[in-house]
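> Provided below for reference: sequence and predicted model.
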Amino acid sequence: MARFAVSVNRKELSTESPPDRPLLDVLREDFGLTGTKYGCGEGQCRACTVLIDDQPRASCLTPVSSVDGRSVTTVEGLASGDELTGVQQAFIDVDAAQCGYCTAGMIIEATALLKRNPTPSGSEILDAMNPHLCRCCGYRNILASVELAARTSEASDA
Amino acid sequence: MPERFREDLFEPDRKELAESPAYCFDLDRREWIAVVSAGLLVTAAGKVVFSPGIAAAEIPPSTRLHLGEDGSIIVLTGKVEVGQGSRTEILQAAAEELRVAPGALRVMLADTAVTPDDGSTAGSRTTPSTVPVVRRACAAAREMLVRTAAEAWNLDASQLRVESGGVVHAGKRFAYADLARSKRLTSTDDESTPRVVPLTEIDDWTVLGRALLKTKARAIVTGAHRYPSDIVRPDMLYAAVLRPPSYGAQLESVDLTPGKELGVVAIRDGGFVGCAAKTSYEAHNAVEAIGKTAKWRTAPHPSSGGLGAYLKGRAQTSGTGRRGPRRRERGGVDSALAAAKTLKASYEIPYVQHAPMEPRAAVAEWDEARLTVWTGTQRPFGVRQQLMEAFRLTAEQTRVIVPDTGSGFGGKHTGEVAIEAARLAKAAGKPVSLRWTRAEEFAWAYFRPAAVFEARAGLSGEKIVAWDFTAYNPGTAGIETPYAVPNVRTQYFPCDAPLREGSYRGIGATGNNFAREVFMDELADAAGLDPVEFRLANSNDERLSKVLQAAADRFGWSPAQSPGQNRGTGIAAGFEKGSYIAICAQVRVVGESVEVERLVSAFECGAILNPRNLQTQVEGCVIQGLGAALSEEIRFAGGKLLNGSFSQYPVPRFRGVPSMETVLLDRPDIESAGAGETPIIAVAPALANAAFAATGHRMRSLPLRLRAV
Ligand code: FES
Ligand code: FES
């Protein structure tokens, strides 16, 4: 057991935990942030994706010790107050969540993609999103959401 | 009227888990009060009861609607939301009949203490069964609003109309909240309420028939929505369960000490061993430590190689009842076959797993002898029954709540995770959350049955004159041919199966339609006809012909086409649960695998209730079907699953989605049927037929592969 300090959604949090415990469990069970989902625990579905220092990572494969002193963003930390991000709004407008269980991971991935590449091509979107599973198979709507978010942010930047 | 065994159209599949009986237990007053204010309760039959909220009142178990004096309106159904859109559809149905904006309503789903028992959320029954019931209750409430306003204002009811949730006349307004208050003053039971109020005509729809976005979307994109695995209760522990090392293994002995030494709650009850701890990490470690001490008696178990022969050798050919074999015959099949040009073929499908995105999960909490469980199931009242039996509780002591759940696909009808969580919560004296791991979900949930099919048919010119179809183990959905054949025999034999089996999207229809539609292609070939022409020539079901034609037209189907370079095009159609599908596919066969280049689906389920959700459901169902057609196959040997993970059991991903188009045919003249299941049944045969066109080799088993010739 050791104490780990993590900045989660711009808040300084800490927990007493075995060092190899997955970040996913710490977020959900210690910090009450259940928006990040478990889908497989082995890096195959990416439902558990969070941003670690702005990079999308599978939190189920991330030992809590490796994020000590770093910053983590979960789906709960995207909106500022009531104001949703463009990616979140696009997922609503396209109706891209069926059961919505994969949605948090998808939104985090798309957020990271648009941050490093605000005008991605179709194949760049596909490359970024492909590791994510959606068992409802809403893939076309999800791609449409990411494209819409990219277009909207481009229009508002112009 | 097409020639068909009409009574079979809505027969539940024999592999479908049984619906729970319609209970009429007392409701839990305390909980009810927590959700509704004083107001009126309206039942499906249009009966109205005043509910003061706190004091005791007779609450009919079939209550569909609560009209609060504070203006709140709550619609209640026992259906669940697993991503198929039931919540939005119910909301639209209620808003349409009440004439209120959808945003002014709240839909309460699946809480056994509050909502009526609408059976399981399965078999595409929400649209044809629950939507009309909700509409009738809401139409009755609207009618009452008008009549009460007319009485109050001394006007003729026929002059008044409801708009935006109220009756407006000469600057006055009478809303549902006024109705609720006025009933409090006058009577408690309005016997004069008409029992049958006409529903809104389709031409007058303003909310139904249009796209409506999900009301929960905001909660989903912000991470605020709590799925069953996200429910947190005060002092809650996390749990893990010890699973046998192989199918059929029995626990002989186990030592709980290594778990207890880790400071967790560890219990054994018969074959059940589980741990609960402050974190799931500790619970899993404790189970692992305990597992090392366990002694198991293993049992022989077959392997998935040679599964077809294994099943056929264990067919149950006698017996009756809805779990037994089934045989239907019409006309003289044997004599018709003897006089015709005949063809026969056999087909096979493997076990597949639903792999819902959210594995089974439950949170259980005891309050002395009362049990509350939050869980993801498609059968809330069925799971309540299982809990009552497992813990010897009454219905009043047992409450099951189903938060909107992370998908199901027919795979979440059972309550094992609820029982496990409740058993551990009882031992711990604290609420317990249990979420199955992905490996558990693959191995210990039930499977879509594996099956074998034998088809024989007789041709006379372009017509099928005899049809003889035998299915081993798939289930009975979709077993009857939708084509016009004068002499038909269908037989279904359940088999003594090696794995746990149950429902799935389309269930029996997936295999039955795969075999039938590939065989239809073989017959077209034997008759020397184009596959589309042959199907049309043998269909006198206008709806079936229309989806075939619509898919072929949009695809640009031409009889003489041959794209070449190992490419081919194919078509398949199907009818199931009141809806019709046809799919045209273009594939390329590379090595032994089939790659899909283009898909066009045409779908018709009567009057369209929400075109956007329908499009999503059809597309999602078709893409999911690509997995079962091309890559999904459960393999097992020595009682162990060999490919129980997403890395070994490939399901469709972004890259696997081909170019696709979906044509939705609207039939305002036909009552709406469900849509979440039928599209899947035409996917695999369309691809198999296209692969034949590409290679000249028939692929008669799933997943499709070009096997060494
Ligand atoms: S839960 Fe982390 S990748 Fe699936
Ligand atoms: S929306 Fe259900 S898993 Fe993606």
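Here it is on my side, so go on. Ligands and ions are numbered 1, 2, ... in the order given.
> so B:T476 sits in a helix?
No: per DSSP: H, G, I helix; E, B strand; the rest coil, B:T476 lies outside any helix segment and is coil.
> Can you give me the neighbour number for it?
If you count neighbours by other C-beta atoms under 10 Å in any protein chain shown, B:T476 ends up with 25. Heads up, the C-betas are built off the backbone N, CA and C, glycines and all.
> Need the pLDDT of it.
At B:T476, the model reports a pLDDT of 94.
> pretty sure it is in contact with B:P494, am I right?
No: B:T476 lies out of contact with B:P494 (C-beta atoms under 8 Å); the separation is 9.3 Å.
> What's the local residue count around the closest residue to chain A within the stretch 51-200 of chain B?
Here the stretch 51-200 of chain B gets closest to chain A at one residue, B:G83, 2.8 Å apart by C-beta to the nearest C-beta. For B:G83, the tally of surrounding residues (other C-beta under 10 Å) stands at 29.
> Against A:N9, how distant is it?
Going from B:G83 to A:N9 by C-beta to C-beta, to the nearest Å gives 27 Å.
> who's in contact with the residue in the stretch 451-600 of chain B positioned nearest to chain A?
Of all residues in the stretch 451-600 of chain B, the one sitting closest to chain A is B:R505 (10.8 Å; C-beta to the nearest C-beta). For B:R505, the contact set (C-beta atoms under 8 Å, 6 or more residues apart in numbering or on different chains) comprises B:409-410, B:621, B:624, B:676-677, B:680.
> how close does it sit to ligand 1?
Here the criterion is C-beta to the nearest ligand atom, to the nearest Å. By it, B:R505 lies 22 Å from ligand 1.
> Backbone dihedrals for that residue, please?
phi -50, psi 110 (degrees, to the nearest 10).
> so what pLDDT did it get?
Confidence score, pLDDT, at B:R505: 93.
> Over to B:Q617?
94.
> three-state assignment of it?
B:Q617 is classified as helix under three-state DSSP.
> any idea how far stretch B:604-616 is from the chain center?
In terms of C-alpha atoms, centre = their mean, to the nearest Å, the centre of stretch B:604-616 is found 16 Å from the chain centre.
> what's next to that stretch, contact-wise?
Outside stretch B:604-616, the residues that reach it (C-beta under 8 Å, 6+ apart) are A:95, A:98, A:138, A:141, B:85, B:88-89, B:92-93, B:127, B:131, B:202, B:208-213, B:543, B:546-547, B:578-580, B:603, B:662, B:664-675, B:678.
> Quickly find the element holding the residue nearest the centre of chain A.
For chain A, A:I108 is the residue whose C-alpha lies nearest the centre (C-alpha atoms, centre = their mean; 2.6 Å). Here A:I108, judged by DSSP states H and E, is contained in helix A:103-116.
> Can you give me the domain boundaries for chain A?
Split into domains by automatic domain parsing, chain A comes to A:2-77, A:86-157.
> ok, the last one near ligand 1 or not?
Looking back up the chat, that one is domain A:86-157. No: Domain A:86-157 stays clear of ligand 1 (C-beta under 6 Å from any ligand atom), getting no nearer than 7.6 Å.
> Check the longest one too.
Yes: shown here: domain A:2-77 in contact with ligand 1 (C-beta under 6 Å from any ligand atom) through A:38-41, A:43-48, A:58, A:60.
> got the contact list for residue 145?
Reading this off chain A. Counted by C-beta under 8 Å, 6+ apart, A:S145 has contacts A:87, A:90-91, A:93-94, A:96, A:106, A:110.
> Actually, chain B is the one I wanted.
B:L145 sits in contact with B:162, B:166-167, B:174-176, B:179, where contact means C-beta under 8 Å, 6+ apart.
> Residue of the stretch 1-150 of chain B nearest ligand 2, please.
Closest residue of the stretch 1-150 of chain B to ligand 2, C-beta to the nearest ligand atom: B:G83 (4.7 Å).
> you'd agree that residue is up against A:C134?
No: contact criterion C-beta under 8 Å: B:G83 and A:C134 do not qualify, at 9.8 Å.
> where do the contact lists of these two overlap?
A:Q98.
> Hey, what's the angle from the longest helix along chain A to helix A:103-116? Just curious.
For chain A, the helix that runs over the most residues, judged by DSSP state H, is helix A:139-157. Relative orientation of helix A:139-157 versus helix A:103-116 (axes from the mean of the first three to the mean of the last three C-alpha atoms, to 10 degrees): 40 degrees.
> Now do the same for residue 93: helix, strand or coil?
Going with chain A. Applying three-state DSSP: A:D93 is helix.
> not what I meant, chain B
B:A93 - assigned by three-state DSSP - is helix.
> residue boundaries of the helices in chain A?
Using DSSP H, helices in chain A cover A:23-25, A:86-94, A:103-116, A:122-129, A:139-157.
> As a markdown table, those helices with distance to B:A240 and mean pLDDT would be great.
Conversion of those to a markdown table gives the following (distance: least, C-beta to C-beta, whole Å; pLDDT from 0 to 100):
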| stretch | distance to B:A240 | mean pLDDT |
| --- | --- | --- |
| helix A:23-25 | 12 | 98 |
| helix A:86-94 | 33 | 97 |
| helix A:103-116 | 23 | 98 |
| helix A:122-129 | 32 | 97 |
| helix A:139-157 | 32 | 92 |
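> Which elements pack onto the host helix or strand of B:V373?
Element membership for B:V373, per DSSP H and E: strand B:370-375. Packing partners of strand B:370-375 (3 or more C-beta pairs under 8 Å, 6 or more residues apart in numbering or on different chains; DSSP states H and E): strand B:361-367, helix B:380-391, strand B:398-401, helix B:416-428.
> now the ones you listed as CSV including mean neighbour count?
Output for the helices and strands packed on strand B:370-375, formatted as CSV (neighbours: other C-beta atoms under 10 Å in any protein chain shown):
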stretch, mean neighbour count
strand B:361-367, 24
helix B:380-391, 22
strand B:398-401, 24
helix B:416-428, 24
